[in-house]
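Asks: quick one, fold the following:
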Amino acid sequence: MSDGSIDLNSDARAKAYATPLELLDPAQPELFRNDAHWPVFERLRKEDPVHYTAEHEFGPYWSVTKYNDIMAVDTNHEVFSSEGGITIANQTAGEGPLPMFIAMDPPKHDVQRKTVSPVVSPMNLAILEPLIRERAAKILDSLPIGEEFDWVDKVSMELTAMTLATLFDMPQEDRRKLTYWSDVVTAAPGQGLIDTIEQKMEIFVEYHAYFTKLWNERVNAPPKGDLISMLAHGEATRNMEPREYFGNIVLLTVGGNDTTRNTISGSVLALNQNPDQYKKLRENPSLIPSMVSETIRWQTPLAHMRRIATRDFELGGKTIKAGDKVVMWYVSGNRDDEVIANPNAYIIDRERPRQHLSFGFGIHRCVGNRLAELQLKIIWEEILARFPDIQVVGEPKRSYSSFVKGYESMKVVIPTRY
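Replies: Have a look, this model is predicted:
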């Protein structure tokens, strides 16, 4: 089993270094599915940290691969705009990119983000915590002992879908629709989930209709503390166009679902690949918060974010032209050894575990980062109280995506419980 370290003496490494530099194209979903992207980024950080790929199915783009350069782009929204989309592939729904606040610039971005952010305020997280804990306990208590099962399906997807359904105040029996829709949003045709773009659009119609019904219910009821009600009654959002509302729902679904669930799965995998760290955690559960941050760095659940240059700009000795697509590879910046000591190692008691790029920086820093950390903290507190060990059996099936860096399935066995 690969350990995510970049010394993989593998075909991937040989290929990454044999390819002419100008032809290196890190945005290939296949690289991520095969866990073969590491040497590509290692080479780019060393030889061409601000790298231009001239030919790609979504058009030419720049790759920014070093920590400090990524920070420079992420914190400069005047030069590097989010308008029109945040992935290398423009997320479309029939008529061009879906509007959503993460893909907007100020001032519109700021007022829309401000409308939904109370749902993840410290006060609201304190209310959510016992509910998340109760659900985590129930999920873990229902797991089979001594037999193989899929951790992604039974645990990671379950807990995050339950939490997200609560934030939307939708029926819990519909929670797996959120998982499905989230997967459809980022799915490539022909990779198992959907066959064609037309099929994707049909699913989007059903997804849109579901949330339109929720909007209509909330807009005609007194304001409440859920995300839909906040959007329906918010001064800056109550008159938004239906496509803009749907765009924000898509953002909140993917942001609230994919990232946390893939880090929950990633934590089990990382601890299995690093048994010394697993032992350290069992012996000292107070390391959970630090382990959570280290996992978020190590996993980097969203591999990249993209921007568009609004004017010519020099970065790393290269001139990025106005209108160019610029991709910030968080997954690479989180392994930059000039900023993070021993970055390919998984170390749960790092000196500065929160020093990572996974949540982004600047005005688009992940609005739900504390909720993500809370869910991970709770699930591990409950795991350590129940199971001496969770064993990953076989290589996980990774997502076919250069955006969502995650797992479709991961088989595990829990030998015994306390």
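
Asks: quote the end-to-end distance of stretch 28-46.
Replies: One end of stretch 28-46 sits 20 Å from the other (C-alpha to C-alpha, to the nearest Å).

Asks: can you tell me what sits against that stretch?
Replies: 2, 4-6, 8, 10-13, 15-17, 21, 24, 26, 51, 63, 65-66, 188, 191, 303, 329, 331-332, 335-336, 344, 398-402, 405 (C-beta atoms under 8 Å, 6 or more residues apart in numbering). Any C-beta I mention is one placed from the backbone N, CA and C, and that applies to glycine too.

Asks: identify each buried residue in that stretch, please.
Replies: 28-29, 31-45 (16 or more other C-beta atoms under 10 Å).

Asks: how about low-confidence regions in the chain?
Replies: 1-9, 90-98, 100-104 (pLDDT under 70).

Asks: just give me the longest helix of it.
Replies: For the chain, the longest helix by residue count, based on DSSP state H, is helix 242-273.

Asks: pull the distance from that helix to the chain's centre.
Replies: Remark: helix 242-273 is offset 5 Å from the chain centroid, using C-alpha atoms, centre = their mean, to the nearest Å.

Asks: right, and the helix or strand after it?
Replies: helix 275-283 (DSSP states H and E).

Asks: packing partners of that following helix?
Replies: helix 242-273, helix 288-299, helix 369-386 (3 or more C-beta pairs under 8 Å, 6 or more residues apart in numbering; DSSP states H and E).

Asks: tell me which of those helices lies nearest to residue 310.
Replies: Ranking those by proximity to residue 310 (C-beta to C-beta) places helix 242-273 first, at 21.0 Å.

Asks: buried set for that closest one?
Replies: Residues of helix 242-273 classed as buried under the neighbour-count rule (16+ other C-beta under 10 Å) are 243-273.

Asks: now the angle from it to helix 275-283?
Replies: 100 degrees (axes from the mean of the first three to the mean of the last three C-alpha atoms, to 10 degrees).

Asks: quick one: helix 242-273 to helix 369-386, angle?
Replies: Using the same axes, to 10 degrees: helix 242-273 against helix 369-386 is 40 degrees.

Asks: quick one: secondary structure of residue 63?
Replies: strand (DSSP: H, G, I helix; E, B strand; the rest coil).

Asks: for it, give the beta-bridge partners.
Replies: residue 51, residue 327 (DSSP bridges).

Asks: got the contact list for it?
Replies: Here residue 63 is in contact with 26, 27, 44, 50, 51, 52, 53, 327, 329, 332 (C-beta under 8 Å, 6+ apart).

Asks: out of those residues, which are buried?
Replies: Among these, those classed as buried by 16+ other C-beta under 10 Å are 26, 27, 44, 50, 51, 53, 327, 329, 332.

Asks: same list (these) but as a markdown table, adding distance to residue 383.
Replies: Listed next are the buried ones among the contacts of residue 63 as a markdown table, based on distance: C-beta to C-beta, whole Å:
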| residue | distance to residue 383 |
| --- | --- |
| 26 | 34 |
| 27 | 35 |
| 44 | 36 |
| 50 | 41 |
| 51 | 40 |
| 53 | 41 |
| 327 | 35 |
| 329 | 31 |
| 332 | 30 |
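
Asks: mind picking the two most distant members of these?
Replies: Across the buried ones among the contacts of residue 63 (C-beta to C-beta), the longest gap, 15.0 Å, separates 27 and 50.

Asks: and residue 178, how many neighbours does it have?
Replies: For residue 178, the neighbour count with other C-beta atoms under 10 Å is 26.

Asks: so what's residue 159 up against?
Replies: 132, 135, 136, 139, 260, 261, 264, 375, 379.

Asks: for the stretch 1-150 of the chain, just list every one of the strands.
Replies: Remark: strands assigned in the stretch 1-150 of the chain by DSSP state E, counting those that start in this stretch are 50-53, 61-64, 80-81, 149-150.

Asks: out of those strands, nearest to residue 105?
Replies: strand 80-81 (5.4 Å).

Asks: list the helices and strands the closest one packs on?
Replies: Strand 80-81 packs on strand 304-309, going by 3+ C-beta pairs under 8 Å, 6+ apart.

Asks: residues contacting the strand it packs on, please?
Replies: 27, 61, 73-74, 79-88, 320-331, 360, 364, 402-403.

Asks: next, format the helices and strands packed on helix 275-283 as CSV and append distance to residue 177.
Replies: Output for the helices and strands packed on helix 275-283, formatted as CSV (distance: least, C-beta to C-beta, whole Å):
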stretch, distance to residue 177
helix 242-273, 10
helix 288-299, 25
helix 369-386, 19
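
Asks: mind checking which of these is nearest residue 313?
Replies: Closest to residue 313 of those is helix 242-273 (C-beta to C-beta; 26.3 Å).

Asks: can you pull the contacts of residue 226?
Replies: Residues near residue 226 by C-beta under 8 Å, 6+ apart: 119, 166, 167, 168, 169, 218.

Asks: residues near the third one, how many?
Replies: Close neighbours of residue 167, defined as other C-beta under 10 Å, add up to 22.

Asks: hang on, it packs against residue 116?
Replies: No. Look at residue 167 against residue 116 with C-beta atoms under 8 Å: they stay out of range, at 9.2 Å.

Asks: next step: the contacts of residue 226 restricted to helices.
Replies: Those of the contacts of residue 226 lying in helices (DSSP H): 166, 167, 168, 218.

Asks: who are the contact partners of the last one?
Replies: The reference is to residue 218. Residue 218 neighbours (C-beta under 8 Å, 6+ apart): 224, 226, 228, 229, 232, 233.

Asks: need the max-distance pair from the residues you listed.
Replies: Longest span within the contacts of residue 218, C-beta to C-beta: 226 and 233, 10.6 Å.

Asks: name the nearest residue to residue 224, ignoring sequence neighbours.
Replies: residue 169 (6.8 Å; C-beta to C-beta, 6 or more residues apart in numbering).

Asks: how many residues are close by the residue nearest to residue 396 when sequence neighbours are not counted?
Replies: With sequence-adjacent residues excluded and distances taken as C-beta to C-beta, 6+ apart, residue 396 is closest to residue 410, at 3.8 Å. Residue 410 has 25 neighbours, counted by other C-beta under 10 Å.
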